[in-house]
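Visitor: Model the following, please.
(chains A and B)
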Amino acid sequence: MFGAGGGTCSYREAEDADLIVMWGSNAREAHPIFFHHVLKAVRKGARMYAVDPRRTTSAQWADAWLGINVGSDISLANAIGREIIHAGLANTDFIARATSGFEAYAASVEPYTLEVAERDTGVPADLIRQLAHDYARAGRAQICWTLGITEHHNASDNVFALINLALLTGHVGRYGSGLVPLRGQNNVQGGGDMGALPNKLPGFQDVETDTDARARFEAVYGEPLPARRGWHLSQMFEAMERGELTACYIIGENPVRSEADTGRTKELLSGLEHLVVQDIFLTDTAAIADVVLPATATWCETEGTVTSSERRVQRVRKALDPPGGARDDIEIIGELARRLGANWGPVTAEQAWDELRSLSPMHGGMSYARLEALGGLQWPCYDEEHPGELFLHARLWEADPARRGAPAPFTPVSQEPPLDELSAEFPLRLTTGRRLDSFNTGVQSGKYATPIRRPETLNLSPEDAAELGVAESEVVRISSRRGSIEAPVHVDSTLRRGLAFMTLHFPEQVATNILTLDAWDPKSGTAEFKATAIRVDRIADIPAGGAGDEHAKVGA
Amino acid sequence: MSAVFVEAPKRLVDVTIDGATVRVPEGSTLLDACRQQGIDTPTLCFLENLTPVNVCRVCVVEVEGSRTLVPSCSRKVEPGMAVHTDSDRVRTSRRMVLEFLASTVDVSLAGPDVGRWMAEYGADPARYGDPAPPHQAGQRDAARPGEHPVPDGSAAATVAQPVKYDNDSYVRDYSRCILCYKCVEACGPDAQNTFAIAVAGRGFDARISTEFDVTLPDSACVYCGNCIGVCPTGALMFASEYRMRRDGTWDDDGQTVTTTVCPYCGVGCNLELHVQDNQIVKVTSPLDHDVTSGHLCVKGRFGFEFVQRRADAG
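Guide: Reported below is the predicted structural model:
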């Protein structure tokens, strides 16, 4: 946000918030320990709103649940913004001092009346109005979101719509108020911070425009760096399609299972001239690789650091000896470099980290000694005297314009429906998400047993199940414009009519991503896992040799 | 604006403990003040990350002017309080608490402190006679309030009963339960807010129970294991630890504990991996880690097996 990709708040601030909006986030199941902090706030009297198509286990703790139609978030956010402006609740002092582009934003939200938003989102106008007024009036308010906001073709616009609300009300840059994107994996934040983005060097330094930063890296690396951005994941697949990307080195990722539109993903990876996979398992992606490099598990078999959703860099440590043949990622990369002609010698995690600290100013003060002594540090942390920052953007509240710095821009955005349109043939909206006990494609979570694990199901609203004439546990055919799969039905009263739900946790049982669309957001490269148009057919009603079973995979 | 949130300063309060003046921040408990003085104060139901429930009464101290002994874990300091931690009343009360508990409950896994306190206060649980025969499975769970048969005094009543082993994640050995309520607090309002367990029954029949005494898999339990994390007596235990102890392979001295970060979502919970013979045998989280306060979810607590089952297909 405003230049650096990180949540503005610390978890403990949630405990002191007066109002928390969980928007497209089922943290109760996907981020359970963050939700403990939210529950502390709720128990202290904070109001909580849940914006989610499903009445999730998080929404069940909310004062009000806004059961939104999938993909109508911008209409809702803009209507909230319009209502705040029209009710005279905008923080005009903050807007004048610390933001830019308000006039254009105000004009852009003008068409989003409560009535328009009610039509787009399915949320009653009164409830939208109530959220708008509560959010604007709260002393400390946070908006927390997860993949319900970002796994859409217009993910970045969704995020801008929420940032606009924080700027409109001054709910950013103060203790307890802020914008909280919860990261889905233990080092997604760290990956971005370390420059695993197409256009950034470590520390969010732009590879194209920040020539000084690039020069510093070149001086340390002793090599010129290309001054142009690379591709993000979705662009890489498109480049494979065009034949421009012919070799791929995949570390710790299982795209055959995790990417949308499995059929296309597998075809493109199989068609590469050379595919190298470095992983702790022989995943489905590793199974089609030319070379597999067995790696150690970073969280318990090696030394290093990861960065959490509150920008906290913490140490991971070696607790186990890895299985024979598995090697540390740093060692593998070093060995690869040696064979490519760059002999770095042995590199420890701490040495790699110290080099990073010398090049990324926001990590400068984070020595291993301090990380050990302080239980981690939150960036930015510029030098060894700096305590790290509990929350970001306090500068926006400075009286002195010089200290306040560049204003934070409003970014007008407009509502766009999901790309995979509903039709008479595909009348149901399928959305995806996580369950408490499982994680992503199950490579990690599938290996432990727990009494709460249930196999994959197609969750349907009671109304749709009745209309389709399907019973609990009945195996049905589920089809999208890309393929068909079969799964048993679970009648789920947390779903509204027209909405269906599946997870991605059990690809060997039900390959949900055969259905999903690989349309992606041009700004972030995130695929639209959250909005697929499907139809559901009873097996008995499908004529023999029926269409659409080209990718069919029968449920276990 | 300060980058780091600073709380309002606290006033300091003077109290007298065993004749010495102790100065502590307002809002501190008498236990905080005793610990600041280096006074060894026994606690069983107290834990830093839970709200005190004052049930074990082993931390009691004498406050001048107070008719009854007060639990130091929850009583806040007040200016001018005069406190005695080693009077006859205090020593007798602590001895009786430890004696009653140790005569009815198996405290053999309650840690070295309990044995030290028993010696310190002269607790002699054996003086109540030989233990009564253990209860049958389900017998204590079937007890109804007001229907407690009066024992004849020929043997010491106990809570001994078979272990509840109804799932592969963790066991409940209520022969070891001192009813400290910590598991109920962690499952309930202090952390997890799942409310799968509560205290059922009255008096000596009181016990920790799921709703209607259903098995754990039939209860609201979500297997976060936060009850195990706070249990002080080994009544709640990883099934793997239970099996290893039963088979005689559990080796406290042969274990290492390494703090790292959970491999699942991006919250960044610290995990303490307890490792024996290159296998993770238990997972905990540091109580003073401000992300978790010692509490985890089912993935963090139990989801580690994938690193130990690499031979299986991916």
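Visitor: only C-alpha atoms for contact and neighbour calcs from this point on.
Guide: Fine.
Visitor: contacting residues around residue A:152?
Guide: By Cα atoms under 8 Å, 6 or more residues apart in numbering or on different chains, the residues touching residue A:152 are A:71, A:418, A:520, A:521, A:526, A:527, A:528, A:529, A:530, A:531.
Visitor: Can you lay out the residues you listed as JSON lines showing pLDDT?
Guide: Shown next, in JSON lines, are these (pLDDT from 0 to 100):
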{"residue": "A:71", "pLDDT": "94"}
{"residue": "A:418", "pLDDT": "91"}
{"residue": "A:520", "pLDDT": "72"}
{"residue": "A:521", "pLDDT": "72"}
{"residue": "A:526", "pLDDT": "73"}
{"residue": "A:527", "pLDDT": "74"}
{"residue": "A:528", "pLDDT": "81"}
{"residue": "A:529", "pLDDT": "84"}
{"residue": "A:530", "pLDDT": "88"}
{"residue": "A:531", "pLDDT": "91"}
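Visitor: Pull out the C-alpha coordinates of stretch A:475-486 and format them as PDB.
Guide: C-alpha atoms of stretch A:475-486 as PDB (Å, rounded to 0.1, in the frame of the first residue of the first chain):
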ATOM      1  CA  VAL A 475     -22.500 -37.900  -6.300                       C
ATOM      2  CA  VAL A 476     -23.200 -35.400  -9.000                       C
ATOM      3  CA  ARG A 477     -21.600 -34.100 -12.200                       C
ATOM      4  CA  ILE A 478     -20.300 -30.600 -11.900                       C
ATOM      5  CA  SER A 479     -19.500 -28.800 -15.200                       C
ATOM      6  CA  SER A 480     -18.000 -25.500 -16.100                       C
ATOM      7  CA  ARG A 481     -17.100 -24.100 -19.500                       C
ATOM      8  CA  ARG A 482     -13.700 -25.800 -19.100                       C
ATOM      9  CA  GLY A 483     -14.500 -29.300 -17.900                       C
ATOM     10  CA  SER A 484     -16.400 -31.600 -15.700                       C
ATOM     11  CA  ILE A 485     -15.800 -33.400 -12.400                       C
ATOM     12  CA  GLU A 486     -17.800 -35.500 -10.000                       C
END
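Visitor: Please report how far residue B:38 lies from residue B:31.
Guide: Distance of residue B:38 to residue B:31, given as Cα to Cα, to the nearest Å: 10 Å.
Visitor: Enumerate every residue touching the residue most central in space within chain A.
Guide: Among the residues of chain A, the one closest to the centroid is residue A:147, at 4.4 Å (Cα atoms, centre = their mean). Residue A:147 makes contact with A:24, A:25, A:184 under the criterion Cα under 8 Å, 6+ apart.
Visitor: Residue A:83 now?
Guide: A:113, A:114, A:129, A:132, A:133.
Visitor: Grab the nearest non-local neighbour of the fourth one.
Guide: Spelled out, it's residue A:132. Using Cα to Cα, 6 or more residues apart in numbering or on different chains and skipping the chain neighbours, the partner closest in space to residue A:132 is residue A:80 (4.9 Å).
Visitor: got it, and the second one?
Guide: By the measure of Cα to Cα, 6+ apart, the closest residue to residue A:114 outside its immediate chain neighbours is residue A:125, 5.2 Å from it.
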